[in-house]
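Q: The sequence isn't on hand, but the structure is:
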């Protein structure tokens, strides 16, 4: 089965929007055992869309197209699809009903412009859109069955997962490929690759790939269906060699792993943040149900706030500076004492671009963790600009928390 | 001049990497006055690359290709380019010299694999790479001059800017296009489009486009070079019709606009966040220098934290619930009083998926702003999942702050 994707939109070819739909669709199909052979992007230009669809229709068995289904005059996909399919546009009663139902949920009702969305190629099969006005549709063009989805990722994703993918899988009878992603932190890509040299036996069907998603490094293992045993063996071997840097696998994230550990151990957490300015709290509270383990966070940018909210003695700040191990420890112990949490994490540092000194240059960060028994701070020197320093500080602090939680009763990490 | 881009790489068609090169190149060319007509992505498969290059070589005057120039065996671009151009590969002394120079800078020297990178199509013009081993090259394929660049964005970007773009501009003699982006909040795309109907005089060279970047809606005006007057007039007309929803233009962001306003008015801010869990603080402190106006933030997830950190009376929480106008007001006034800031912003709400009731369903959020004179809270009902509720809450709160700052002496918004 030859599959292509097509993205439609001026905003993509003017560089205003990064095309995340392409990679999302490619990844979802890959996991299902299908492979996208080529991807094409064209502008909101009816002739260009017709040309692209005609080409892909001659080349492929299936095309997944996104974009250009909205209500505005530059949304030309339905009309181009009809032309490429050689059928007229028809006004769909089903779409009109959908629009009417949708209008009731939206303050102010439906705008008349939206009625354009009721025009679909004659004979097209509709694809439900639970989250927006634009229904998708499937229509035959050349030798290909072409599915059209809206370009808004939030609407496109459930339509792909609930309608397009199941139909493709049923049609092709493919078995899912095997893919495992081992997520590492604190090791450069080249070092990880060097450590894994020769790890696959000769003739192994497993393919190793590396992917940097700052500050994470991902090792990806891809194996065709039917080779589960060598795949599992390779995953185990990678885990074995890089275990210390492994914080999550596959769909797991550091936030999710932390949430599981906090739930399993029953530990509660408070935060005291300076240079990360709320970033750590925002990540922890991203997880639904986080109110069960997260009590509070203090974003203490000013010295007064450090003293008043966390009880850090002003003379301590004066003596050592706000960015110091002493203040990091006082922030963490203060946050723990005030909130009554089992654990408290603190960070204080210089994110830049200003504020650095010779002794404490930009990127100097102290991170401390307090529990019932003790509190220690560690000094870090992170490279990069403000955004990277903040982001790696956040990651390092959460990783410190994860390592600590692993030592508590009840904790476990997928073996 | 017809221009296409080509991305080469399995990781793109397996969905492991989002193709940011495509949008970067498209944007850079657009701003220079050139327009990418279509984009193609193919896998690390020599036949597929040759087919793509042959197609684009017949269709275009110029192709900018990225990826597949690395040292590993799955890097097949040079060999495919030679085949598509109908010339042999040759070992380039210039590349070998570059590799040797580069090896001296790298710890551990050059890996023997890198020597593969010295093979380029015969007669190709080399493109310097100041930051990596992979030199680029330009070669004629069909009617197109095709430039090949490495896929690593960090290396690709300077090569595009320093060599490929200047050559294209010199060759075509184009002048930069005009592009303006007006960023709106609190108005749906369709409503914005409807309000702007008929805004362009007949025959105007200006093109209007819409782009949703949740929760923002962008109106983009694109005009060919030489039409500055109608472009400016159209921008002014859009500002005029949608002014109330306009929070930023072009490269401005809400965070940046807020920072400018806080700097200009000299106002200081504190935050009290419940359901956003630090997200607002993280956004405010993203801006360098924010310590000048941001004093502190309290992330009060528990009721105890609301009382202790912000002085919200426990009986008030009991009487009205933590998610109520009364508590939002008490949080904001409490945060202001404790910190001594000029302004304090508070949010309390139900981000979901749990915690909703019939009276206060998921998405119910109260946002309050306190200044010296008063504090009022407003109830909002936001749609979507936890992430969207948190993100739109954050945006709404910051927009409330912006509107308030605009009323203070010293404030101004680009006219």
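A: That came through fine. Because the structure is predicted, anything quoted here is derived from the model rather than measured.

Q: So in chain A, which helix runs the longest?
A: When chain A is parsed with DSSP state H, its longest helix is helix A:386-406.

Q: what about it, distance to the chain center?
A: Computed by Cα atoms, centre = their mean, to the nearest Å, the chain-centroid distance of helix A:386-406 equals 17 Å.

Q: residues of it that come out buried?
A: For helix A:386-406, the neighbour count (16 or more other Cβ atoms under 10 Å in any protein chain shown) marks A:386, A:388-402, A:404-405 as buried. Bear in mind the C-beta positions are built from the backbone N, C-alpha and C, glycine included.

Q: Now narrow these to whatever sits close to chain B.
A: A:386, A:390 (Cβ under 8 Å from any Cβ of the partner chain).

Q: Show me which residues of the stretch 201-350 of chain A sit near chain B.
A: Counting by Cβ under 8 Å from any Cβ, the residues of the stretch 201-350 of chain A lying close to chain B are A:209, A:211, A:218, A:220, A:222, A:271, A:273, A:276-282, A:284-286, A:288-291, A:294-302, A:304-305, A:308-309, A:338-340.

Q: Can I get the buried part of these as one PyMOL selection?
A: Selection of buried members from these for PyMOL, criterion 16+ other Cβ under 10 Å:
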select buried, chain A and resi 209+211+218+220+222+271+273+276+277+278+279+280+281+282+284+285+286+290+291+294+295+296+297+298+299+300+301+302+304+305+308+309+338+339
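
Q: Can you pick out the ones from the residues of the stretch 201-350 of chain A next to chain B that are in strands?
A: A:209, A:211, A:218, A:220, A:222, A:271, A:273, A:294-300 (DSSP state E).

Q: Pipe the residues you listed into JSON lines and attach pLDDT per row.
A: Converted to JSON lines, these look like this (pLDDT from 0 to 100):
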{"residue": "A:209", "pLDDT": "85"}
{"residue": "A:211", "pLDDT": "81"}
{"residue": "A:218", "pLDDT": "91"}
{"residue": "A:220", "pLDDT": "92"}
{"residue": "A:222", "pLDDT": "90"}
{"residue": "A:271", "pLDDT": "98"}
{"residue": "A:273", "pLDDT": "98"}
{"residue": "A:294", "pLDDT": "96"}
{"residue": "A:295", "pLDDT": "96"}
{"residue": "A:296", "pLDDT": "97"}
{"residue": "A:297", "pLDDT": "97"}
{"residue": "A:298", "pLDDT": "98"}
{"residue": "A:299", "pLDDT": "98"}
{"residue": "A:300", "pLDDT": "97"}
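
Q: Now for those residues: which two are most distant?
A: Of all pairs drawn from these, the one with the longest distance (Cβ to Cβ) is A:222 and A:300, at 45.9 Å.

Q: Against which helices or strands is the helix or strand hosting residue A:38 packed?
A: If you go by DSSP states H and E, residue A:38 is part of strand A:36-42. Where contact means 3 or more Cβ pairs under 8 Å, 6 or more residues apart in numbering or on different chains; DSSP states H and E, strand A:36-42 is packed against strand A:3-8, helix A:10-13, helix A:20-32, helix A:46-59, helix B:10-13, strand B:36-42, helix B:46-59.

Q: Out of these, flag the one nearest residue A:178.
A: Nearest of those (Cβ to Cβ): helix A:20-32, 9.3 Å.

Q: shaky segments in the stretch 1-150 of chain A?
A: For the stretch 1-150 of chain A, the stretches with pLDDT under 70 are A:106-110.

Q: if I read this right, residue A:138 contacts residue A:123, doesn't it?
A: No: assessed by Cβ atoms under 8 Å, residue A:138 is found out of contact with residue A:123, at 10.0 Å.

Q: Neighbour count: the two, which is higher?
A: Per other Cβ atoms under 10 Å in any protein chain shown, whichever of residue A:138 and residue A:123 has more neighbours is residue A:138, with 21 against 13.

Q: Parallel or antiparallel, list what pairs with the one helix or strand the more buried one maps to.
A: According to DSSP H and E, residue A:138 maps onto strand A:136-141. Note on strand A:136-141: by DSSP bridges, its sheet partners are strand A:125-127 (antiparallel), strand A:144-149 (antiparallel).

Q: Packed most tightly, which of those strands would that be?
A: Of all the strands paired with strand A:136-141, strand A:144-149 carries the top mean neighbour count, a mean of 25, counting by mean count of other Cβ atoms under 10 Å in any protein chain shown.

Q: for it, the distance to its chain's centre please.
A: From the chain centre to the centre of strand A:144-149 is a distance of 26 Å (Cα atoms, centre = their mean).

Q: now stretch A:188-196
A: In this view, stretch A:188-196 has its centroid 24 Å away from the chain centroid, taken as Cα atoms, centre = their mean.

Q: now that stretch: mean pLDDT?
A: In this model, stretch A:188-196 carries a mean pLDDT of 85.

Q: Could you double-check that residue A:179 sits in contact with residue A:33?
A: No: counting by Cβ under 8 Å, residue A:33 is not a contact partner of residue A:179; they are 10.2 Å apart.

Q: where's residue A:200, which helix or strand?
A: Applying DSSP H and E, one finds residue A:200 in no helix or strand.

Q: Flag every buried residue along stretch A:302-322.
A: Residues of stretch A:302-322 classed as buried: A:302-310, A:312, A:316-317, A:322 (neighbour count, 16+ other Cβ under 10 Å).

Q: So for it, mean pLDDT?
A: For stretch A:302-322, mean pLDDT is 96.

Q: where does it sit relative to the chain's centre, distance-wise?
A: In terms of Cα atoms, centre = their mean, the centre of stretch A:302-322 is found 37 Å from the chain centre.

Q: rewinding a little: using JSON lines, please lay out the strands paired with strand A:136-141 together with distance to residue A:265.
A: Shown next, in JSON lines, are these (distance: least, Cβ to Cβ, whole Å):
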{"stretch": "strand A:125-127", "distance to residue A:265": "44"}
{"stretch": "strand A:144-149", "distance to residue A:265": "42"}
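
Q: of all those strands, which lies closest to residue A:73?
A: strand A:144-149 (17.9 Å).

Q: Measure how the closest one sits relative to strand A:3-8, angle-wise.
A: 40 degrees (axes from the mean of the first three to the mean of the last three Cα atoms, to 10 degrees).

Q: Could you list every helix and strand in contact with the following helix or strand past strand A:144-149?
A: Counting by DSSP H and E, the next helix or strand C-terminal to strand A:144-149 is helix A:153-159. Counting by 3+ Cβ pairs under 8 Å, 6+ apart, the packing neighbours recorded for helix A:153-159 are helix A:20-32, strand A:144-149.

Q: I'd like those as CSV, with distance to residue B:104 appended.
A: As requested, these are exported to CSV (distance: least, Cβ to Cβ, whole Å):
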stretch, distance to residue B:104
helix A:20-32, 37
strand A:144-149, 51
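
Q: Which one, of these, ends up nearest to residue B:94?
A: Residue B:94 sits nearest to helix A:20-32 of all those, at 35.2 Å, using Cβ to Cβ.

Q: which residues does the residue lying closest to residue A:305 once chain neighbours are set aside bridge with?
A: Of all residues not flanking residue A:305 in the chain, residue B:296 sits nearest, at 3.6 Å (Cβ to Cβ, 6 or more residues apart in numbering or on different chains). Bridge pairing for residue B:296 (DSSP bridges) gives the partners residue A:300, residue B:270.
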